[in-house]
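Here is the input, now give the coordinates:
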Amino acid sequence: MGLLDIFAILITLAAIFSYLNHCYIGLPSAIGLMVLSLLISLTILALGFFNIFSISEHARLLLSHLDFYDTLMHGMLGLLLFAGALHVNFDDLLEHKSIIISLATVGVALSTFLVGGLTWCVLKLLGMELSILHCFLFGALISPTDPIAVLGIMKKVGAPKSLETAVTGESLFNDGIGVVVFLALLSLLDAQHSPGSSHSITSLFLLEAGGGILYGTGLGLITYWLLKKVDNYQVEVLLTLATVIGGYRLAEVLHISAPLAIVIAGLLVGNHGRRLGMSEETRQHLDTFWELIDEILNSVLFVLIGLEILVLPYDPRYLLVGIILIPVVILSRFISVGSTVSILRKLKDYRQGTVKILTWAGLRGGISVALALSLPVGPEREVLITATYVVMSFSILVQGLTVGKVIKRYLMVPIGS
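Okay, here's the model as predicted:
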């Protein structure tokens, strides 16, 4: 079965599930698609288990032809990040730059350390010892947050614009930072089998992150300059598409952070490019195009996430580990966010409940699963993949469906109290 066949099946499933969710279920789009995909996957597994109508092997074969890590990290991620950054107001981002930068850097690092350390303790108590480095890798891959499932809920309940900006800005940047931290730790794991040094790890981090930001700035400015030279929406839309696909791939070839580069480029094109380099007609076409790309890719992504349960390693012990690690990840997120906000309160007032809202709104998504699937083959990989999937599923299905209530609870509390 070819890639085109697989993509046709995923698009068809996404369309059918979107229709069913919109007409009969009414859940937020991303959550509804994942719920339906999970139900289909569990039904396939149950039918196969009871030998009623076994198509589970065919489904596994289908998914085995699609590398989830490559599909997301080297294909969909750049398009999704650009679409998200394109509509973020740069002035709003600058107004909340302190909390966004702090959460995306110090917050990710602290969360990685806390989750890794606590995971090592939990596994040791369960008699399933993993190296501390593998536990830190789990901390790095589970720390990036995904705002897709929660932003629609925030708009629905009338969340403050500042909260939306903080959640969106953090997720845009911590995706890139989280991937860089993960790759740095992964190279350290490789160094256990071949000579390496902590200096090389530090250099890798600085090159990936710093290089990605500088490259993204240059890429965004070049695109902005090209957009100013023409007034034809077909050409301008094509230029932005080339910026994402070509720019992302070149960043990977240069071994710098492609996610960070595309976020920076998207912010420049979405603000300076939209305001100074496009006509009103082009802006409308550009917005429509990227909103459609964003919706289609997110629909396919959440369907694929739901179907991935068919190829997960099944072991009741791994499932137990994942369930136990749910409160560990939430607690680590609460501590990392709480520490950051406590320090920043000296500079700016934040609403009471900000820490709780940001903690509960910190959903995990496809990036966490993709990074887990990229781990080297071994027993550690199987337990971490299952744990990642369990934590991610809980965050989307439980936190995603209840975050609206948490936001409503604190909306009426005055700032600074």
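
Next secondary structure element downstream of the regular element (helix or strand) spanning residue 339?
Element membership for residue 339, per DSSP states H and E: helix 316-344. Using DSSP H and E, the helix or strand that follows helix 316-344 towards the C-terminus is helix 354-360.

what mean pLDDT does that next one have?
For helix 354-360, mean pLDDT is 89.

And the contacts of that helix?
Defining contact as CB atoms under 8 Å, 6 or more residues apart in numbering, one finds that helix 354-360 is touched by 103, 163, 166-167, 170, 330, 333-334, 337-338, 341, 399, 402-403, 406-407, 410. C-beta coordinates here come from the backbone N, C-alpha and C atoms, glycine included.

Extract the C-alpha trace of whichever helix or strand comes after that helix and format it as CSV.
The helix or strand immediately downstream of helix 354-360 is helix 366-373, counting by DSSP H and E. Taking C-alpha atoms only, helix 366-373 is exported to CSV below (Å, rounded to 0.1, in the frame of the first residue of the first chain):
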residue,chain,number,x,y,z
GLY,A,366,1.3,14.6,18.7
ILE,A,367,4.9,15.9,19.2
SER,A,368,5.2,13.9,22.5
VAL,A,369,4.1,10.7,20.7
ALA,A,370,6.4,11.3,17.7
LEU,A,371,9.4,11.9,19.9
ALA,A,372,8.7,8.8,21.9
LEU,A,373,8.5,6.7,18.7
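
Just the buried positions in the helix holding residue 339, please.
318-319, 321-322, 324-326, 328-330, 332-341, 344 (16 or more other CB atoms under 10 Å).

OK, contacts around residue 181?
Residue 181 neighbours (CB under 8 Å, 6+ apart): 108-109, 112, 140, 143, 205.

Pick the one among the residues you listed closest to residue 189.
Nearest to residue 189, judged by CB to CB, of the contacts of residue 181 is residue 140 at 11.3 Å.

quick one: low-confidence ranges for the stretch 101-250 of the chain?
Along the stretch 101-250 of the chain, the parts satisfying pLDDT under 70 run over 147-153, 156-157, 191-202.

Just the strands from it, written as ranges.
Taking DSSP state E, counting those that start in this stretch, the stretch 101-250 of the chain contains no strands at all.

Quick one: residues contacting residue 285.
By CB under 8 Å, 6+ apart, the neighbours of residue 285 are 233, 236-237.

Which secondary structure state does it sit in?
Using DSSP: H, G, I helix; E, B strand; the rest coil, the secondary structure recorded for residue 285 is helix.

so how far is residue 94 from it?
Separation of residue 285 from residue 94 (CB to CB, to the nearest Å): 27 Å.

How about residue 36?
39 Å.

Same question for residue 126.
Counting by CB to CB - residue 126 and residue 94 are separated by 46 Å.

same check, this time on residue 105
Distance of residue 105 to residue 94, computed by CB to CB: 16 Å.

Looking at the two, which is more packed in?
For residue 105 and residue 94, the more surrounded residue by other CB atoms under 10 Å is residue 105, and the numbers stand at 16 against 12.

tally of neighbours for the residue lying closest to the more buried one once chain neighbours are set aside?
Setting aside the residues directly before and after it, residue 105 is nearest to residue 177 in space (CB to CB, 6 or more residues apart in numbering), at 5.9 Å. Counted with other CB under 10 Å, the burial measure for residue 177 works out to 29 neighbours.

Is it correct that residue 177 is in contact with residue 209?
Yes. Counting by CB atoms under 8 Å, residue 209 is a contact partner of residue 177 at 6.7 Å.

Overlap in contacts, those two.
residue 260.

on that earlier part again, check the contacts of residue 285 for burial and list the buried ones.
Here, 16+ other CB under 10 Å leaves 233, 236-237 buried among the contacts of residue 285.

Just the closest of these to residue 18, please.
For these, the nearest to residue 18 is residue 237 (23.9 Å; CB to CB).

The closest residue in space to that closest one that isn't next to it in sequence sits in which helix or strand?
Distance criterion CB to CB, 6+ apart; nearest residue to residue 237, sequence neighbours excluded, is residue 289 at 5.2 Å. Using DSSP H and E, residue 289 sits in helix 280-307.
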